[in-house]
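# turn this into a model:
(one chain, ligands or ions: 2)
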Amino acid sequence: MDTTATITATTDRLHILQQLERKLLWLSSWMIHNANHIRPNRDGLKVGGHQASCASVISIMTALYFEIARPQDRIAVKPHAGPVFHAINYLFGRQTPEKMQGLRQLGGVQSYPSRVKDGPEVDFSTGSVGLGVAMTTFSALMADYVRLHGLGRTDLPPGRHIAIAGDAELDEGNIYEALLEGWKHDVRNLWWIVDYNRQSLDSVVPDRLFGRIEGLFRDMGWNVVTIKYGRRLEAAFARDGGEALRAWIDDCPNSLYSALTFQGGASWRQALLADLGRSKARAIIDPLADDELGALMTNLGGHDIETVIDTLRAEADGDQPTCFIAYTIKGMGLPFAGHKDNHAGLMTKEQMEGFRASMGIRPGHEWDPFEGLDVPEHDLRDFLAACPFATPLTPQGRTLSAPSVTVPAALPVAKLAGRKMSTQAGFGDILAEIGRGQGELKALADHIVTTSPDVTVSTNLGPWVNRRGIFDRHTRNDVFRDAKLASAQRWGMSPKGQHIELGIAEQNLFLLLGAAGLAPGMTGARVLPVGTVYDPFVNRGLDALIYACYQDARFLLVSTPSGLTLAPEGGQHQSINTPMIGMAADRLASFEPAHVDELAILLRHALAHMQRPDGSAVWLRLSTRQLEQPARTLDGEAVIAGAHWVVPPADGARIAIGYQGPVAPEAMAAFAELVAEEPGAGLLAITSPDRLHAGWIAALRARRRGGGPRAESHIEQVLTPLSPEAALVTVLDGHPGTHSWLGAVRGHRVVPLGPDHFGQSGDIPDLYREYDIDQDAILDACAQALLA
Ligand SMILES: Cc1ncc(C[n+]2csc(CCOP(=O)(O)OP(=O)(O)O)c2C)c(N)n1
Ligand SMILES: [Mg+2]
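Ligands and ions are numbered 1, 2, ... in the order given. I've put the predicted structure just below:
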């Protein structure tokens with residue numbers, strides 16, 4: 001028999017898809033069961049996993065991955081469907097049984113899909129709900145950006161950006177922030193498929209909510225498609241009395257529907273007859289046995305693979321953003337289907353035994369990919385190999401790569417010595433100079449994309465934007481310019497612009513930086529994303545920033561102004577904790593230069609570091625405080641490593657002052673008085689407590705593990721000249737805990753200065769005095785340190 005002909009026939013395709021649904025339900029449930037009940041548990045902690053969340057999305061994911069999706073599409077899978085995703089890859093031959101057996105274990109598949117841990121099949125990591133969904137808006141935007149700039153793989157067909165979302169994800173505010181931003185940017189080729197099981201973690205979702213949500217999508221220019229009922233229910237509705245049945249289900253509260261689903265056929269009958277006992281619908285209800293009635297009443301659209309496929313396919317040609325609301329039942333096909341407490345529910349061993357038997361799976365064959373299916377294995381293999389999604393996008397797979405852009409050995413900096421300038425102004429100037437795109441800077445300029453949440457001008461990106469223009473899919477003139485109204489800003493928009501202007505929402509900034517930072521692998525384009533934000537509002541977008549780093553996205557974050565420099569705006573604007581966030585954030589190298597020569601070194605380093613395979617994203621904390629710029633030659637490596645001596649201490653010195661960022665003048669003035677008394681004292685510029693700390697920890701670890709060539713870290717070397725009894729007075733415009741650990745490096749006594757309270761507005765002299773970081777405070781700390 002010709003198998004190819006056989007499996008392309010619609011009914012056979014359908015049958016195979018239904019068999020694959022069974023297989024995904026089995027594998028996802030079993031993977032979680034194995035992790036919780038079969039594998040040895042050494043610590044007594046619940047391993048967990050979400051069998052019910054997986055079950056509700058099986059048909060949707062079967063339809064998507066085995067029928068609709070193409071290899072160029074980029075898909076964010078709702079976190080709790082991770083096991084389904086891994087099972088799909090297993091059937092495609094892209095996942096190993098060993099990794100699935102290690103679900104939630106070191107070296108096994110991650111609880112929620114992870115780009116970094118689970119490898120190239122994961123397009124977007126997910127976990128913190130809402131972020132993966134919103135991220136697809138920005139990856140779609142970046143795909144357009146890259147295409148319209150002629151960057152990346154122009155030979156590959158454009159893909160669609162798809163999120164499979166849990167319905168509770170739509171409670172997250174960042175979803176609506178992204179919707180608004182997507183509307184402003186006229187984002188295309190975006191699908192959100194909502195697994196509308198009307199349950200979250202604690203409970204059943206209120207009934208009227210989705211009517212509102214649907215309206216919101218439409219207002220934002222989305223197409224909304226509801227996948228409510230399956231074919232069997234639709235057929236029943238078409239019969240005499242069917243309209244009454246439809247009205248009954250339409251009006252059935254979510255919580256009652258869930259409860260009846262859990263209780264099963266007899267309860268359905270009782271509830272239906274109580275309301276429809278005298279209706280013609282009885283002719284539909286009465287002939288059905290209890291389990292048949294239960295099956296009919298739970299035949300929702302999101303579990304009817306034909307309906308799902310037809311609905312998705314009907315929208316596949318257009319590029320309007322589309323939200324599919326697929327009605328489903330949490331735990332469909334499992335013993336706790338519909339129960340409101342099923343989110344973290346696990347099947348018992350007995351329930352799993354029954355489930356195994358019903359799936360036709362022999363003991364010992366639980367991991368066999370095609371066990372228990374009634375289609376010959378070679379037909380299934382042929383089918384899977386012929387799925388559109390299985391076609392290789394490139395010979396290297398779906399993860400693309402992009403060549404690096406050369407960063408010149410030094411960035412263009414105007415003569416600095418003797419000028420008064422802030423690091424923020426220096427940043428704006430250097431970027432504007434790069435923006436001229438002259439000579440060796442051309443390639444660099446062409447690959448930078450900047451973005452800012454409504455603080456473009458106030459973070460000094462204005463001159464860059466004037467040169468490179470604002471990105472918009474449509475060309476729009478600058479009305480003020482056309483009317484010859486004076487303005488320093490030229491805000492013409494075009495598909496060639498290189499600045500993406502965002503509304504104020506900081507989560508969108510970090511989601512865009514995350515999406516842009518993944519562009520090489522997603523689009524084959526090397527873009528160098530640079531985003532600016534006020535330093536205190538890093539906190540507002542922090543989860544999205546951590547999310548971007550978790551995926552190893554590569555970007556440069558510039559946060560400015562920072563600390564008390566912002567206090568005239570209001571006491572809440574002081575950013576105390578950001579230096580410590582910079583230290584604690586993984587895959588993010590953080591720096592705070594005091595002077596523009598340091599900034600130039602760090603900016604150059606950032607643009608190179610974010611392109612290196614072993615690099616990371618970079619964060620520069622800057623300020624608007626103008627400082628006199630010194631004439632000096634710097635040791636660039638020391639600046640990048642995190643600290644350099646401005647005045648080296650004498651061997652055996654009793655004291656040194658270390659400063660970070662714009663408190664440099666106070667530290668220098670205090671130092672000038674200190675050396676009169678302590679001639680051997682040193683003055684240290686700290687450019688990155690984050691790098692210093694990371695280097696020190698790495699060195700300690702290396703020594704524990706038996707040495708190595710770089711066993712001594714930079715900070716250990718820096719502190720070597722000081723006497724073992726020396727004191728170190730440190731100061732920054734940020735939490736003093738940023739530096740207090742320095743005493744642990746060589747056992748020095750540290751007196752750390754920095755604001756640990758906030759709330760006052762004022763000017764710098766007042767606030768530096770108020771928060772103990774002025775010259776007097778530094779000298780008092782030196783006296784304290786020397787006397788101690
Ligand atoms: C930001 C965030 N808050 C809370 C959680 C904990 N949490 C995980 S899943 C979940 C409910 C998810 O419900 P839904 O999105 O409807 O998923 P499904 O019903 O498909 O499991 C919650 C509160 C989380 N992962 N992320
Ligand atoms: Mg839900």
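# for this structure, what lies in contact range of ligand 2?
Gly166, Asp167, Asn197, Gln199 (Cβ under 5 Å from the ion). From N, CA and C alone the C-beta is placed, and that goes for glycine too.
# mind running it again at 6 Å?
Gly166, Asp167, Ala168, Asn197, Gln199, Ser200 (Cβ under 6 Å from the ion).
# number of residues surrounding the last one?
Counted with other Cβ atoms under 10 Å, the neighbours of Ser200 add up to 17.
# hmm, it is touching Glu172, no?
No. Counting by Cβ atoms under 8 Å, Ser200 does not reach Glu172; the two are 11.1 Å apart.
# ligand 1 contacts on this structure?
50, 53, 56, 78, 80, 128-129, 166-169, 195, 197, 199-201, 330, 343 (Cβ under 6 Å from any ligand atom).
# now the buried members of those.
50, 53, 56, 78, 80, 128-129, 166-169, 195, 197, 199-200, 330, 343 (16 or more other Cβ atoms under 10 Å).
# for His15, give its distance to Leu684.
Distance, His15 to Leu684, by Cβ to Cβ, to the nearest Å: 73 Å.
# so for the two, which sits in the more crowded spot?
Remark: of His15 and Leu684, Leu684 carries more neighbours, 25 against 16, as counted by other Cβ under 10 Å.
# quick one: that one and Ala638 touch, right?
No. With contacts counted by Cβ under 8 Å, Leu684 stays clear of Ala638, the gap being 10.3 Å.
# any residues in contact with both of the two?
His644, Val718 (Cβ atoms under 8 Å, 6 or more residues apart in numbering).
# give me the nearest residue to the residue in the stretch 151-300 of the chain that ligand 1 sits nearest to, chain neighbours excluded.
In the stretch 151-300 of the chain, the residue that lies nearest ligand 1 is Gly166 (2.1 Å; Cβ to the nearest ligand atom). Among residues not flanking Gly166 along the chain, Lys78 sits closest, at 4.6 Å (Cβ to Cβ, 6 or more residues apart in numbering).
# phi, psi for Arg476 please.
phi -130, psi 130 (degrees, to the nearest 10).
# what about it, how many residues nearby?
By other Cβ under 10 Å, neighbour count at Arg476 equals 13.
# in the protein, where is pLDDT below threshold?
Applying pLDDT under 70 to the chain picks out residues 1-11, 207, 707-710.
# for it, what's the longest strand?
strand 722-732 (DSSP state E).
# next secondary structure element downstream of that strand?
helix 737-740 (DSSP states H and E).
# quick check: the gap between the closest residue to Asp290 other than its chain neighbours and ligand 2.
Closest residue to Asp290 apart from its sequence neighbours, by Cβ to Cβ, 6+ apart: Gly265 at 2.9 Å. According to Cβ to the ion, to the nearest Å, Gly265 and ligand 2 sit 24 Å apart.
# Gly265: what's it in contact with?
Contact partners of Gly265, counting by Cβ under 8 Å, 6+ apart, are Leu288, Ala289, Asp290, Asp291, Glu292, Leu293, Gly294.
# okay, the residues you listed in TSV with neighbour count and distance to Arg42 next?
Converted to TSV, these look like this (neighbours: other Cβ atoms under 10 Å; distance: Cβ to Cβ, whole Å):
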residue	neighbour count	distance to Arg42
Leu288	17	49
Ala289	10	47
Asp290	13	44
Asp291	11	42
Glu292	12	46
Leu293	21	46
Gly294	21	41
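# helix or strand: which one has the residue lying closest to Gly241 once chain neighbours are set aside?
Leaving out its chain neighbours, the residue that sits closest to Gly241 by Cβ to Cβ, 6+ apart is Lys280, at 3.0 Å. Element membership of Lys280 [criterion: DSSP H and E] is none; it lies in no helix or strand.
# count the residues that sit near Ala698.
14.
# cool, and Ala409?
9.
# circling back: now, which of the buried ones among the residues of the chain next to ligand 1 lie within helices?
Ser53, Ser56 (DSSP state H).
# and the closest residue to Gly571 other than its chain neighbours, how far is that from Trp222?
Once flanking residues are discounted, Gly571 sits nearest to Gly759: 4.0 Å by Cβ to Cβ, 6+ apart. From Gly759 across to Trp222, the span is 42 Å (Cβ to Cβ).
# do a quick rundown of the helices in the stretch 451-600 of the chain.
Here the stretch 451-600 of the chain has its helices, by DSSP state H, counting those that start in this stretch, at 462-468, 479-482, 506-517, 519-523, 542-550, 578-584, 596-609.
# with distance to Gly737 and mean neighbour count added, can I get these in TSV?
What follows is those, written out as TSV (distance: least, Cβ to Cβ, whole Å; neighbours: other Cβ atoms under 10 Å):
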stretch	distance to Gly737	mean neighbour count
helix 462-468	35	21
helix 479-482	46	12
helix 506-517	24	29
helix 519-523	36	25
helix 542-550	18	24
helix 578-584	6	22
helix 596-609	23	23
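# out of these, which is closest to Gly242?
helix 506-517 (44.8 Å; Cβ to Cβ).
# quickly note the distance from the residue of the chain most remote from its centre to Ala244.
Relative to the C-alpha centroid of the chain, counting by Cα atoms, centre = their mean, Arg278 is the outermost residue, at 54.5 Å. For Arg278, the distance to Ala244 equals 10 Å [Cβ to Cβ].
# element containing the nearest residue to Thr126 once chain neighbours are set aside?
Spatial nearest neighbour of Thr126, excluding adjacent residues (Cβ to Cβ, 6+ apart): Gly132 at 3.5 Å. Following DSSP H and E, the helix or strand that holds Gly132 is helix 131-148.
# and that helix, what does it pack against?
strand 74-77, strand 161-166, helix 173-184, strand 190-196, helix 506-517, helix 519-523, helix 542-550 (3 or more Cβ pairs under 8 Å, 6 or more residues apart in numbering; DSSP states H and E).
# next, the angle from that helix to helix 542-550.
Angle of helix 131-148 versus helix 542-550, following axes from the mean of the first three to the mean of the last three Cα atoms, to 10 degrees, is 60 degrees.
# helix 131-148 to helix 506-517, inter-axis angle?
Using the same axes, to 10 degrees: helix 131-148 against helix 506-517 is 50 degrees.
# who does the residue in the stretch 601-750 of the chain positioned nearest to ligand 1 bridge with?
Across the stretch 601-750 of the chain, the shortest distance to ligand 1 (Cβ to the nearest ligand atom) belongs to Ala617, at 21.1 Å. Counting by DSSP bridges, Ala617 forms beta bridges with Leu588.
# just give me the neighbour total for it.
Ala617 is flanked by 25 other residues according to other Cβ under 10 Å.
# so it touches Asp586, yeah?
No. Counting by Cβ under 8 Å, Ala617 sits too far from Asp586 to count as a contact (10.0 Å).
# other residues contacting whichever strand or helix holds Tyr768?
Per DSSP H and E: Tyr768 is located in helix 764-770. Residues outside helix 764-770 that contact it (Cβ under 8 Å, 6+ apart) are Leu564, Thr565, Ala567, Arg625, Val663, Glu666, Gln760, Gly762, Asp774, Asp776, Ala777.
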